[in-house]
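# Predicted model, plus sequence, below.
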Amino acid sequence: MKVKLLHTTGKQDLIESIWDKPEPAKDEIEVKALMTGVCSSDVAMYNGDFPTLPKEIQGHEGLGVVTKVGSLVEANMGITKGDMVATRGEPGFADYYNAKQGTFVKVPNKADPKYILEPVACGINVANAVYNHSNNTEQTIAIIGTGFLARVTHYALKRRGYKNFYVYGKAYPEHWEKQDVVRMTHTGFHLQMPTDIQGFDAFIDYSSKPQYITSNYVNENGVFVLAAEKKVDNLDFSKYLWNNITIKCPSPRDTTFIDSMRYARECIKSGSLNVSDMWVKSYDRDDAKTAFENKLNGTDKGRSYLTWA
């Protein structure tokens, strides 16, 4: 099946190609794209900020309609043609693509961006990294960044009973003013530490800046959660070794990520997690370059997504 797809060479270009998409395997479904989120990592690839590009294509935050079902999927999951699914993985910027069992979940039959679950699950995955390190709900937790993913992570940790949050960032100030968190400030290159603590038991870094992982913000036996892509030169790991600090890098490639997608779906369906205000703008797939440019230059402050007719 020949379909259109978008990809980049990392030189601020989006190229439309014709892709000879294979038939779905027994453990795959074929999906007709309806919506695909524009992730910051997509924009980084577009801008040439990744040292190497993925093998073919961007677009991993998918929402679409099932058009074909592999025999193993039908037997194991009850997915049928016409179902709506949220998907994780490339190539989400294709008109049609295949998704392997374990990378998609069924969602309500409604083309609503709140059911683009992959980025929501990423925020939940980061919260799980903290929980799996220590379920002590009294521990102090720093969150650097206040955007979409940080909001989801904070929500997921609160649901698990954590309550001592220290937050730094500029996005969504109205939202964070309503939360029971300590807002931190910056002095030059460094965080202005709260006077009541010496360090944090868990440090979640959603920034792209190197100084947080190179500074001494994490307590002995704590955890540093690297939640954003970054390049850090000459990083000295000795302080992490000697202070028994764990570094975690939660990834949507983890086999348990599908559980985070299911959890995201249930939280959104129940209304306990509202992400609708964070999906701020849609673009027709033919206007994808504008979406990327507006994300790159900061015009779009929240999440944006492409739509297919």
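Yes, it's here.
# In space, what's closest to residue 130 - neighbours in sequence excluded?
Counting by C-beta to C-beta, 6 or more residues apart in numbering, the nearest residue to residue 130 once its immediate chain neighbours are dropped is residue 202, at 4.7 Å. Using the backbone N, CA and C atoms, a C-beta is placed for each residue, glycine as well.
# Starting from the helix or strand where residue 34 lies, tell me which strands it pairs with and how they run.
For residue 34, the enclosing helix or strand under DSSP states H and E is strand 28-38. Looking at strand 28-38 with DSSP bridges, its partner strands are strand 61-69 (antiparallel), strand 96-100 (antiparallel), strand 303-307 (antiparallel).
# Next secondary structure after the longest one?
Moving toward the C-terminus from strand 61-69, the next helix or strand (DSSP H and E) is helix 71-77.
# Which strands border the helix or strand just after that following helix, and is each parallel or antiparallel?
Past helix 71-77, heading to the C-terminal end, the next element that is a helix or strand (DSSP H and E) is strand 84-88. In its sheet, strand 84-88 lies beside strand 61-69 (antiparallel), strand 104-107 (antiparallel), with partners assigned from DSSP bridges.
# So for residue 292, which of these sits nearest?
Closest to residue 292 of the strands paired with strand 84-88, according to C-beta to C-beta: strand 61-69, at 14.0 Å.
# Could you give me the buried positions within the closest one?
For strand 61-69, the neighbour count (16 or more other C-beta atoms under 10 Å) marks 61-66, 68-69 as buried.
# Can you give me the neighbour number for residue 276?
By other C-beta atoms under 10 Å, the residues close to residue 276 number 10.
# Surely it is in contact with residue 116?
No: look at residue 276 against residue 116 with C-beta atoms under 8 Å: they stay out of range, at 11.2 Å.
# just for the chain, where's the confidence low?
For the chain, the stretches flagged by pLDDT under 70 are 51-57, 75.
# which outside residues touch the next helix or strand after the strand holding residue 34?
Secondary structure here is assigned by DSSP H and E; on that basis, the next helix or strand after strand 28-38 toward the C-terminus is helix 40-46. With C-beta atoms under 8 Å, 6 or more residues apart in numbering as the test, helix 40-46 has contacts from 8, 10, 12-14, 50, 53-54, 58-60, 228-229, 292, 295-296.
# Check stretch 242-252 too.
With contacts defined as C-beta under 8 Å, 6+ apart, stretch 242-252 is touched by 60, 88-89, 118, 121-122, 125-126, 128-129, 133, 218-227, 239-240, 257.
# Filter those down to the buried ones.
Applying a neighbour-count criterion of 16+ other C-beta under 10 Å, the buried members of these are 60, 88-89, 118, 121-122, 125-126, 128-129, 133, 218-219, 222-227, 240, 257.
# sorry, back to before: which other helices and strands contact the helix or strand where the residue nearest to residue 130 lies?
Under DSSP H and E, the secondary-structure element containing residue 202 is strand 200-205. With contacts defined as 3 or more C-beta pairs under 8 Å, 6 or more residues apart in numbering; DSSP states H and E, the packing partners of strand 200-205 are helix 117-133, strand 140-144, helix 211-214, strand 218-226.
# Quickly run through the sheet partners of it, with directions.
Sheet pairing here is set by DSSP bridges, and for strand 200-205 it gives strand 140-144 (parallel), strand 218-226 (parallel).
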